[in-house]
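**Q** Just the structure for this:
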Amino acid sequence: MSRFQPSHRSSVAPFIAMEVLAAAVERERAGHRVIHMEVGQPGANAPSRVIAAAKRALDGRLGYTEALGIRELREAIAGHYAATYGIAVAPDRIAVTAGSSGAFNLAFLAAFEPGARVAMPTPGYPAYRNLLAALGLEAVEIECGPETRWALTPEMLERAHAEKPLDGVLIASPANPTGTMYSPEVLDALVKAADAMGLWFISDEIYHGLVHNGRQATALASSDRAIVVNSFSKYYCMTGWRIGWMVMPEVLAKPIDRLAQNLTLSNNEISQRAALAAFDPASTVELDVVKAGYTANRAFLLEHLPRLGFDDLLPVDGAFYAYASVARFSNDSIDFVKRMLAEAGVAATPGPDFDAARGHGYVRFSFAGTMADMVEATDRLGRWLPKIG
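**A** Residues are numbered from 1 along each chain as shown. Down below sits the predicted model:
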């Protein structure tokens with residue numbers, strides 16, 4: 001047997017949403033119209049001020065920047081926390097990263113030793129557990145359900161820690177795929193419980209700004225030991241720019257700086273210069289129009305999906321996903337999604353991407369597209385579902 005084999009750490013599970021996207025694109029290449037509801041990608045472009053800033057950056061010299069990001073952007077992000085949450089964050093505690101994915105890499109490497117155990121609720125974003133596995137860490141998935149609004153509680157965390165010690169906990173609010181958001185009070189209790197147990201608390205706040213029901217809160221309001229990850233991808237409509245950030249505890253600032261120096265040297269300067277304009281008030285006006293579109297899409301789907309038979313929907317407090325039961329139609333959501341794409345031309349993500357144990361009964365629909373997409377998708381599904389028996 002050849003010694004030249006892939007490493008064990010590379011044998012992580014695929015991200016099924018991306019595989020569905022590839023299949024949908026292939027179908028489009030064959031000349032078919034596809035309604036894309038499989039990936040969490042805003043249908044709108046980046047704000048006009050952001051695009052203009054990128055064009056201006058091209059007129060200058062582009063090169064390496066500080067490993068943690070240009071000072072101006074880190075100061076702008078600090079200003080965002082002061083204006084949005086009333087929280088003072090030193091720019092030296094902020095790292096600009098290659099999207100939120102880059103932030104998770106740095107956070108996991110800086111905070112955890114090999115073999116560390118990190119708790120997270122399920123259903124949840126699959127890249128968390130896959131990235132942890134690739135880094136030699138253990139994802140401890142804790143099943144959540146309607147009794148806790150699909151969210152992790154201090155009691156659940158304490159039980160898991162008592163059963164076998166944990167090293168950290170990772171949550172998202174609003175969450176992917178459920179849309180569940182932790183209220184400020186619930187989040188505060190969970191962060192303080194983790195602190196009391198000596199666990200690193202990592203808060204994915206990438207969908208902040210996209211709240212339809214309730215009040216968003218940042219984990220930084222509860223502890224200066226929390227690690228907070230965010231990005232310009234979702235609310236700011238900048239997925240392809242690959243630019244995000246992390247607020248880190250002071251004790252991790254130097255370690256993360258050293259890791260960033262060696263892993264990436266720096267993030268691309270064009271995206272950093274452009275991202276500065278995302279905080280411009282004129283950009284906020286544009287982005288709030290986009291958000292209003294998501295809110296309208298959400299209301300439309302919450303009305304029409306149950307009529308089609310998707311009558312078990314999760315809360316959808318925020319983000320732009322509807323996580324729906326397909327139990328009325330199938331006990332195999334992977335097969336269901338394949339048929340839906342091939343026969344109805346609607347692409348969605350099957351639940352096993354987010355929940356290996358229970359996901360075969362669920363599908364995630366993204367409503368980040370246009371209202372016209374939502375209308376066409378439900379019309380297609382209305383014609384297709386009666387045929388599948």
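
**Q** for the residue lying closest to residue 273 once chain neighbours are set aside, what are its contacts?
**A** Nearest non-adjacent residue to residue 273, counting by C-beta to C-beta, 6 or more residues apart in numbering: residue 57, 4.1 Å away. (C-beta placed from N, C-alpha, C; glycine too.) Counting by C-beta atoms under 8 Å, 6 or more residues apart in numbering, residue 57 makes contact with 269, 270, 273, 274.

**Q** Neighbour-wise, give me the winner out of the residues you listed.
**A** For the contacts of residue 57, the largest neighbour count, defined by other C-beta atoms under 10 Å, is 26 neighbours, found at residue 274.

**Q** Quick check: it touching residue 54?
**A** Yes: under the criterion of C-beta atoms under 8 Å, residue 274 makes contact with residue 54 at 4.0 Å.

**Q** Of the contacts of residue 57, which pair is most distant in space?
**A** Maximum pairwise distance among these (C-beta to C-beta): 9.4 Å, between 269 and 274.

**Q** Who are the packing partners of the lengthiest helix in the chain?
**A** If you go by DSSP state H, the chain has its longest helix at helix 281-308. Using 3 or more C-beta pairs under 8 Å, 6 or more residues apart in numbering; DSSP states H and E, the elements in contact with helix 281-308 are helix 48-58, strand 321-325, helix 371-388.

**Q** And for the second one, what's in contact with it?
**A** Read that as strand 321-325. The contact list for strand 321-325 (C-beta under 8 Å, 6+ apart) reads 40, 123, 176-179, 298, 301-302, 305, 310-314, 316, 351, 354, 361-367.

**Q** hmm, back to that, deepest in the core, which of the helices and strands packed on helix 281-308 is it.
**A** Highest mean neighbour count among the helices and strands packed on helix 281-308 (mean count of other C-beta atoms under 10 Å): strand 321-325, with a mean of 24.

**Q** Restricting to C-alpha, output that strand in CSV.
**A** Output of strand 321-325 as CSV, limited to C-alpha atoms (Å, rounded to 0.1, in the frame of the first residue of the first chain):
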residue,chain,number,x,y,z
TYR,A,321,-33.4,30.3,6.7
ALA,A,322,-36.6,28.3,7.2
TYR,A,323,-35.8,24.8,8.6
ALA,A,324,-38.8,22.7,7.8
SER,A,325,-39.9,19.2,8.4
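
**Q** how far off helix 281-308 does it point, in degrees?
**A** Here strand 321-325 runs at an angle of 10 degrees relative to helix 281-308 (axes from the mean of the first three to the mean of the last three C-alpha atoms, to 10 degrees).

**Q** Which element is encountered next along the chain beyond strand 321-325?
**A** Tracing the chain past strand 321-325, the next element assigned as helix or strand by DSSP states H and E is helix 333-339.

**Q** Quick check: what element follows that following helix along the chain?
**A** strand 346-347.

**Q** chain center to that following strand: distance?
**A** Distance, stretch centre to chain centre, for strand 346-347: 20 Å (C-alpha atoms, centre = their mean, to the nearest Å).

**Q** Would you mind pulling up the elements that that strand packs against?
**A** Judged by 3+ C-beta pairs under 8 Å, 6+ apart, the packing partners of strand 346-347 are helix 16-29, strand 35-36, helix 371-388.

**Q** Would you convert those into CSV that also reports mean pLDDT?
**A** Below are these laid out as CSV (pLDDT from 0 to 100):
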stretch, mean pLDDT
helix 16-29, 89
strand 35-36, 96
helix 371-388, 96
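
**Q** one step back: what comes up buried for the longest helix of the chain?
**A** For helix 281-308, the neighbour count (16 or more other C-beta atoms under 10 Å) marks 283-284, 286-287, 290-291, 293-295, 297-298, 300-301, 304-305, 308 as buried.

**Q** one step back: go through the helices and strands packed on strand 346-347 and name the closest to residue 244.
**A** With C-beta to C-beta as the measure, helix 16-29 is the member of the helices and strands packed on strand 346-347 nearest residue 244 (18.1 Å).

**Q** what does stretch 67-78 contact?
**A** Residues outside stretch 67-78 that contact it (C-beta under 8 Å, 6+ apart) are 88-92, 94-97, 245, 247, 256-257, 260-261, 264-267, 269, 272-273, 275-276, 279.

**Q** make it 7 Å
**A** Stretch 67-78 is contacted by residues 89-91, 94-96, 245, 257, 260-261, 265-267, 272, 275-276, 279 when judged by C-beta atoms under 7 Å, 6 or more residues apart in numbering.

**Q** quick one on the thing from earlier: between the buried residues of helix 281-308, which is nearest residue 133?
**A** Set against residue 133, the nearest of the buried residues of helix 281-308 by C-beta to C-beta is residue 294 (31.9 Å).
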